[in-house]
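# Okay, here's the prediction I keep looking at, along with the sequence it came from:
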Amino acid sequence: MTAPRAGAVAFRLERLTSEIRLAALDLGETEPALAAARLMDGLRDAGLPVPPLPAWAEAARELDRDAWQRVEVLTHLLRHGELGPLVARALARDPARAWSVVPAFATREARLLTVELLLKSPFRVEELARKWVHALGGTIEGERPDESRRRMERLDFGGVLKSLEEAGRDREERMRRLQEIEAKRLKEQQEAYARQSRE
Amino acid sequence: MKKPAAGPFSAGTVKAAWERALSFWGLAIQKDAPRLDPGAEGLAFIDLSSRELTVNTKRLAELKAEGSLPAVFAHELGHHVRYPHSLSTQARLELLEKEILPFRSYSLLNLFTDYLINTELAREKDFLAQMAAVYRGTPAPAEAMEQDPAFWFYLTCFEEAWGLEPRTLTREAGEALERRFPGARAEAQLLAEEVPNLAPNLFTQFLYFASVVSRYQVVDPEKDGPGDGKSLNPGHGDYSKPSAGDYADALERTAAESEAIRKAIEKGWLKPERIGDTEASRQQRAAGLPGVLAGEPRKLAEAMAIRYRRLAERHLVPPPRERRAGDPLVPSTLSEWDPSDSPREIDWTASILALGPDLAAAAPLRRDLLPDDGGEAVVERPVRLELYLDVSGSMPDPKAALNPMTLGAQVLATSAIRGGGQVRALIYSTNNVRHWAWTRNEMEVSRFLMTYIGGGTDFPFDVLSASVRECGPRQPIRCVLTDSDFSYNLKARESHGASAREAASKGTFVALLNGSRGEEAWVKEIGATGIVTVPVATMAEFPAAAAALGEKLFGTKAAPSPRTGGRRKP
């Protein structure tokens, strides 16, 4: 359910990011049992099948606190606002797997996107929105699929962090070099000053 | 009727652009219309003191961004209303930058304030497009990256913040940047994401910005240090520089700056050894001023003179006040009137009320009058103070760092002037420089005290002798601020001792001696000439010692009036 297909559901990016931000803001303490119940209600309301209990227990085993919070955000998108029917329609393209998309997305693609990060950064909200649309096999209104993919890749926080590690190494090296130069200059200045005093 | 001339800089276009810029910032401020000057330096400039704005239309046309006039106006107004908003904030930012990037040949501050302004402008799509046009007007061959990588990184930040396609603004130079600086785009994205989260503390935002962008300073292998490359930023140098007073204010950190430094160290943007928030680092900040004002020696001296005057204020004691008797106007008790008293002193009303009309006529009462409270008057004791300040090589240049001995001289001079006295001063090392006309102008004296010579120590006994002769019966109080070198000078020639003895016998001659506890042989040798010695154990104690001396010399021992609650320092 990732590559957009003909007739894919199109999402308005601005609307989606705004709903995600609201969901993140509304989020209180997450209680896993309640979060699961709310997701199941959402699936039922959308006319989608709910998983058998053992299957859900197996999928939920991987969910940590941050992932449960993401499940809550995604459930909010499914149950509230004008986006709910669109999400439901996208999930309905493969009804049997619909329920599993949520925990899988929360533990894999969106792994690094904590709610705290979403509240701090519009970039991370957009990243979650784009990745969620991609996971649903949907498209972004007004963008070509390749354009959307490029933008999603550019926003990938994991990729950013990896590049930052590289930048960090390069920075250390440059700073070390600059410190050497600074120390050398300081030494030269002190020597010149001492010479001047002697004269 | 003649149709008004159309075009990118016609009166109508400029007026509309100006109104658009004002409305963006929600400005109800009444400002003069901007000046268009094709011969102006740079692209645009706003004077933050007069708030006068100038745009170079020729440069804007060269950048092929004639349509960007509203955004350029709005950008310049942004310096006035937001970043840095005031020249005092700008001075603080400059000093902070000098502390963390001591050898950067050009400043990151303009990029920083431009970045914050443009981020706000980008809320409006037309402004975003107009600013993008200005930046796209800057040629961007790959070689341009070498000249100013920080600028190309800054544009990369906009590409990320504004959601533009990579290299829309940076083009070939951007490609070269990403090759030369791995992870540059990721850093740009992180910066664009993080800077708004650090508001509203501008200093925190700046420390973070500088910690990231400092990686992109040019290291010139030939010079074996940071390059002196000119900034490519078209907005570089687009607002005025702070005044000497702004710099003097900025030498003391605000709570916001201290908080920013604490956070920067906690987050790892700054290494604690690079900057601290201790006494030592405050001195380090003062030491950064000559770097910030390189090439502006007069402004540097003025800024430091203001700084010394302000510090001296803390040690000053108000001149003594004396009660002044007022006229006897306040009615008090009644007593019997005596025929020898003035009839005007009879209080007839009180007499009749107290004794009845018959007895009152025979033995009236008089109303005693007490003097009115005349308040207090400042007693001026016109003294003259002749200062001799040792600025030999062992003392720091007062402009480069806080010199407590210079501050001590400043305290003495100000105490004397505030006490109604006059001052003249001489600074000496191997040679000497004099401000020998008596003055009551504090600023004149403090500016003079910023002079520095360095070198050996030779007290000018010839000048001292000439002064003693010149002053005749009206000898000034003489003070020398020095150390043990003075005793060597004294012993160097027979005539030196004689000169000192003569000055000490004809008037008050005091020596404040650094590095002394009062019991050393060299101090006693100085004292033997009649000079009053004041031991000062360490340099740092000079201002307090000078204040105590000032109190004695200029008669400021009297307690301040409890009525006026006069300021009195311990």
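Structure received.
# Only C-alpha atoms from now on, for both contacts and neighbour counts.
OK.
# Show me where the chain dips below the pLDDT cut-off.
You didn't pick a chain, so chain A it is. A:1-6, A:189, A:193-199 (pLDDT under 70).
# meant chain B actually
In the predicted model of chain B, residues B:1-6, B:28-31, B:102-106, B:219-229, B:274-284, B:317-327, B:372-382, B:555-570 satisfy pLDDT under 70.
# which one in it is furthest away from the centre?
Residue farthest from the centre of chain B, counting by C-alpha atoms, centre = their mean, is B:Asp358 at 77.2 Å.
# what helices or strands is the stretch of helix or strand that one belongs to leaning on?
B:Asp358 is part of helix B:357-362, with elements assigned from DSSP states H and E. Applying 3 or more C-alpha pairs under 8 Å, 6 or more residues apart in numbering or on different chains; DSSP states H and E, we find helix B:357-362 packed against helix B:348-355.
# who touches the helix it packs on?
Contacts with helix B:348-355, where a contact means C-alpha atoms under 8 Å, 6 or more residues apart in numbering or on different chains, come from B:357, B:359-360, B:364-366.
# Just send those residues back as TSV, with neighbour count too.
As requested, those are exported to TSV (neighbours: other C-alpha atoms under 10 Å in any protein chain shown):
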residue	neighbour count
B:Pro357	14
B:Leu359	12
B:Ala360	18
B:Pro364	27
B:Leu365	24
B:Arg366	22
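# Greatest separation within these: which pair is it?
For the contacts of helix B:348-355, with distances taken as C-alpha to C-alpha, the pair at the greatest spread is B:Pro357 and B:Arg366 (15.0 Å).
# Report the separation between B:Glu175 and B:Arg185.
Going from B:Glu175 to B:Arg185 by C-alpha to C-alpha, to the nearest Å gives 10 Å.
# One more: B:Ala360?
Distance, B:Ala360 to B:Arg185, by C-alpha to C-alpha: 105 Å.
# for B:Glu259, same thing?
Noted for B:Glu259: a distance of 29 Å to B:Arg185, by C-alpha to C-alpha.
# Flag every residue of chain A that's near chain B.
A:120-123, A:160-161, A:163-167, A:170-171, A:174-175, A:178, A:181-182, A:197 (C-alpha under 8 Å from any C-alpha of the partner chain).
# which of those are buried?
A:121-123, A:160, A:163-167, A:170-171, A:174, A:178, A:181-182 (16 or more other C-alpha atoms under 10 Å in any protein chain shown).
# which of the residues you listed lies closest to A:Thr30?
Of all these, A:Ser121 has the smallest distance to A:Thr30: 21.2 Å, by C-alpha to C-alpha.
# how about the nearest residue to the closest one, chain neighbours excluded?
On the basis of C-alpha to C-alpha, 6 or more residues apart in numbering or on different chains, the spatially nearest residue to A:Ser121 that is not a chain neighbour turns out to be B:Glu193, at 5.9 Å.
# Neighbour count: B:Glu259 and B:Arg185, which is higher?
Looking at B:Glu259 and B:Arg185 with other C-alpha atoms under 10 Å in any protein chain shown, you find the greater number of neighbours at B:Arg185, namely 24 against 16.
# Please list all residues in contact with B:Tyr239.
By C-alpha under 8 Å, 6+ apart, the contact list for B:Tyr239 reads B:45-48, B:76, B:79.
# cool, and B:Asn432?
With contact set as C-alpha under 8 Å, 6+ apart, B:Asn432 has these partners: B:426, B:453, B:460.
# what domains does the record give for the chain?
This is for chain A. Structural domains of chain A, as assigned by automatic domain parsing, span the residue ranges A:10-155, A:156-199.
# that's the other chain; I wanted chain B
In the recorded assignment (automatic domain parsing), chain B comprises B:11-81, B:87-297, B:326-373, B:384-553.
# for those domains, which one sits closest to A:Arg21?
By C-alpha to C-alpha (comparing all of the domains of chain B), the closest turns out to be domain B:87-297, at 15.3 Å.
# any idea which helix is longest in the chain?
Just going to use chain A. Secondary structure of chain A read by DSSP state H shows that its longest helix is helix A:157-198.
# Chain B is the one I meant
For chain B, the helix that runs over the most residues, judged by DSSP H, is helix B:297-315.
# Could you name the helices and strands sitting against that one?
When contacts are defined as 3+ C-alpha pairs under 8 Å, 6+ apart, helix B:297-315 packs onto helix B:244-250, helix B:404-418, helix B:442-448, helix B:542-553.
# State the number of residues packed around the residue of the stretch 401-550 of chain B found nearest chain A.
Taking C-alpha to the nearest C-alpha as the measure, the point where the stretch 401-550 of chain B comes nearest chain A is B:Gly455, at 6.4 Å. One way to gauge burial is a neighbour count; for B:Gly455, by other C-alpha under 10 Å, it gives 19.
# buried stuff in stretch B:301-312?
The neighbour-count criterion (16+ other C-alpha under 10 Å) identifies B:301-312 as the buried residues of stretch B:301-312.
# what's the closest non-adjacent residue to B:Phe461?
B:Phe461's closest residue in space is B:His496 (C-alpha to C-alpha, 6+ apart), at 5.9 Å.
# Next, count neighbours for the one you found.
Neighbours of B:His496 (other C-alpha under 10 Å): 19.
# Tell me who's in contact with it.
With contacts defined as C-alpha under 8 Å, 6+ apart, B:His496 is in contact with B:461, B:489-490.
# top of these by neighbour count?
Comparing these by number of neighbours (other C-alpha under 10 Å), B:Leu490 comes first, having 21 neighbours.
# quick one: which helix or strand includes that one?
Judged by DSSP H and E, B:Leu490 forms part of helix B:485-492.
# Could you pull out the buried residues of the following helix or strand past that helix?
Past helix B:485-492, heading to the C-terminal end, the next element that is a helix or strand (DSSP H and E) is helix B:494-506. Of the residues in helix B:494-506, those scored as buried under the neighbour-count criterion (16+ other C-alpha under 10 Å) are B:496-497, B:499-504, B:506.
# ranges for the strands of chain A?
The residue ranges that make up the strands of chain A, judged by DSSP state E, are A:10-11, A:139-140.
# ok, now chain B?
Assignment of strands within chain B using DSSP E yields the ranges B:35-36, B:44-46, B:53-55, B:219-220, B:225-226, B:321-336, B:365-378, B:384-390, B:422-428, B:432-439, B:477-482, B:509-514, B:532-536.
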